[in-house]
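Asks: quick one, what's the 3D model for this:
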Amino acid sequence: MLALATPPMADALEPHLHRAEALRAAGEVAMARDTLLAEWPALSLLPRYHLVLSELHRLLGEDVEAKAAACAAAALDAGLPLVLFNLGTAFFMAGQPEPAEKWYRLTLRLDPDLVVAHQNLSCILADSGRAEDAQLHRDLAYKRQCVFVEPAATPRRSVLILAAAGLGNVPIEHLMPNTINTRIKWFVEYGSAESPPYDVCFNAIADPDMEAPTRANMARFLRGCTRRVLNPPETILPTRRDRIPALLGDIPDVLVPPALRFEADGLAAPRIRAAMGRAGIGLPILLRPAGSHGGKGLRRIETAEALAAEDFAGAPAQYVTAFHDYRSPDGYWRKYRMIFVDRQPFAYHLAISPQWLVHYFSAEMLPEAWKRAEEARFLQDPEAVLGARAMAAIAAIGRRLDLDYAGLDFSLLPDGRVLVFEANATMLAHPETLPELAYKTPFVARIFAAFEAMLEGASRCTAVSNPSRVNGSTR
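Replies: The predicted model follows:
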C-alpha cells in the first residue's frame, strides 16, 4: 500500500518540516500548522507528516485533531486504510463533514476499491451540492457492489430493501432495526439482485424524483418477486410534488396548493410566469430543486423582478408551488407531522416557529417550554388540538396515499382545513435522545411498534399475482 509514499515524496517533506520547525521555535505554532496543512495534497501519504501535525495540534490544544493525526500516522505506517476510513466515519457521525471528507479521500488514495469510503464520500458531496462528484463516487461504489447484507444480531426475519443510490430513500434504520432484521440492501439501478433469501421486500425508494434510473431493473424484479412488497413503486409515483394536488385535492377539508414542475431545459422566468398564469398561480411562490428535502434550496419568490433575477444556469429541475399564508392567530407558524403506518395516522411532532420556513431543528423548540408543552398536547390527543374535521381529513389522506409507510407535513388553517405541505414516504421518524424531549418517546415507540407488527404480518405473506395489488389496494 505505502508504495505510493515514494522516497522523492519523503524528500519533498523536509523543507516544509524545516519551515514548520522554524515557525514553531518563533512561537508561531498556528502558522506552522497551517503551513503543513497547505501541503496536504502532496504530502498526506507520509506518516511523518502526520506525526509533526499531531504535535502542532497538541500544542494548540486541538486534542481531537492531534489524536486523529497520530492515528493516521500509525495507519499509514502499517498500510491500514480501514483505520483512516474509521477516522472519516467518526467525523462523519459527529456531523463534521469537512474533516470526514479529508480522511475519506486519503483512505481512497490508499485503497481506491474501498466501496464504503466511496459511499460515505458521495453522501458528503451530495449534501454540499457537488452533484457530479457525488455521482462519480456513487458509480465507483455501486458498480463494484450493489447488494449489501447486514446480518441481524438476533435474526427474526430478512428484509430485502430496494434502494436508490442517491438521496430520497425511506429512513429505515429505526423502522427496521438491525438487532432483529437482517437487512439486504440492493441499489437497484446498478444491477440485478443477487441476494440471499428474504422474507419480505420493502421499497425504500421513496422520492419519485429519484426512481427513474431504477425503473427497468425494478420492473424486472417485480415481475418475478414472490414475496410481499411494501410501498410498491406505483404507490410512490403519485406523491411527486406536482401530482399531490390531483391525488389529495378533492378530499373534504384538505387544501393542497397547486404545483408545477419545470425540467432543467425549460427553466426560464418567462416560461415559468406563463405556466403560472395558465395554472392560476400568483405570487408569492415557493421555488425548490426537484429531489431536495429539508428545505434545501427552497426560496420564497415575492415579486416578478425577483423571479426574473433567478439564475437557472446549470440548475436541476424545479418545482413551483403557490405559497399559502398559514400563520396562526398568535403570529407563529406551525408545522405538524403525522406518520402513516399501514395507512393509519400517528402523531409524530409539532414545530412552532417565528419564521414561515419551519423545521424542527431550527424552530427553537428546546429553549421554549411553552412550545414543547403544546407539542406534548398534540401528541397525547391530536383530535383535541386539530379538531374532528381535520382528523377525518388526515385519515382520508392516509387511505388515499395507500402507502404502507408514509408521512404528512401540514398546518391547520384558521377555518379548520388541513393545509398540505408534502405527503410521501421520505418522512423521518426517530427516537429522541435529549431529556427535554423525553415526552415524545412513547409516541415514537408506538410508530415503531406499529411498523414492526405490519412487517411481521407481511413477512408471513407471499405476493399476489398482480404486482399492482401487492398490498391488496383497491385504489
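Asks: and L110, how close does it get to L45?
Replies: 8 Å (C-beta to C-beta, to the nearest Å). For the C-beta atoms, the positions are set from N, CA and C on the backbone; glycine is no exception.
Asks: oops, could you answer that again for V358 instead?
Replies: Distance of V358 to L45, given as C-beta to C-beta: 47 Å.
Asks: for M365, same thing?
Replies: Going from M365 to L45 by C-beta to C-beta gives 46 Å.
Asks: I'd say L110 and A78 touch.
Replies: No. Counting by C-beta atoms under 8 Å, L110 stays clear of A78, with 10.8 Å between them.
Asks: those two: which is more packed in?
Replies: Taking other C-beta atoms under 10 Å, L110 and A78 do not tie; L110 has more neighbours (22 against 11).
Asks: got a list of what the closest residue to that one other than its chain neighbours touches?
Replies: Of all residues not flanking L110 in the chain, P81 sits nearest, at 4.0 Å (C-beta to C-beta, 6 or more residues apart in numbering). Applying C-beta atoms under 8 Å, 6 or more residues apart in numbering, we find P81 in contact with 1, 75, 107, 110-111, 114, 117.
Asks: among those, show me the least confident.
Replies: Among the contacts of P81, M1 has the lowest pLDDT, at 36.
Asks: what residues does the particular helix or strand that has A22 in it touch?
Replies: According to DSSP states H and E, A22 maps onto helix 7-25. Residues outside helix 7-25 that contact it (C-beta under 8 Å, 6+ apart): 29, 31-33, 35-36, 39, 42-43, 45-46, 48-49, 52, 56, 59.
Asks: how about stretch 320-336?
Replies: Identification of contacts with stretch 320-336 by C-beta under 8 Å, 6+ apart yields 241, 255, 257-262, 272, 275-276, 281-282, 284-288, 300, 347, 349-356, 358-359, 378, 386, 409-414, 419, 421.
Asks: now G294, what's its secondary structure?
Replies: Recorded secondary structure, G294: coil (DSSP: H, G, I helix; E, B strand; the rest coil).
Asks: backbone phi and psi for the closest residue to it other than its chain neighbours, please?
Replies: The shortest distance from G294 to any non-neighbouring residue, by C-beta to C-beta, 6+ apart, is to H359 (6.7 Å). For H359, the backbone dihedrals (degrees, to the nearest 10) come out as phi -130, psi 150.
Asks: H359 and S353, how far apart?
Replies: For H359 relative to S353 (C-beta to C-beta), the value is 8 Å.
Asks: of the two, who's got more company?
Replies: Counted by other C-beta under 10 Å, H359 and S353 do not tie: S353 has more neighbours, with 18 against 12.
Asks: show residues contacting the strand or helix carrying V159.
Replies: Take DSSP H and E as the rule and V159 turns out to sit in strand 157-163. Strand 157-163 is contacted from outside by 152, 169, 172, 176, 180-188, 193, 195-205, 214, 218, 221, 227, 455-456, 459, using C-beta under 8 Å, 6+ apart.
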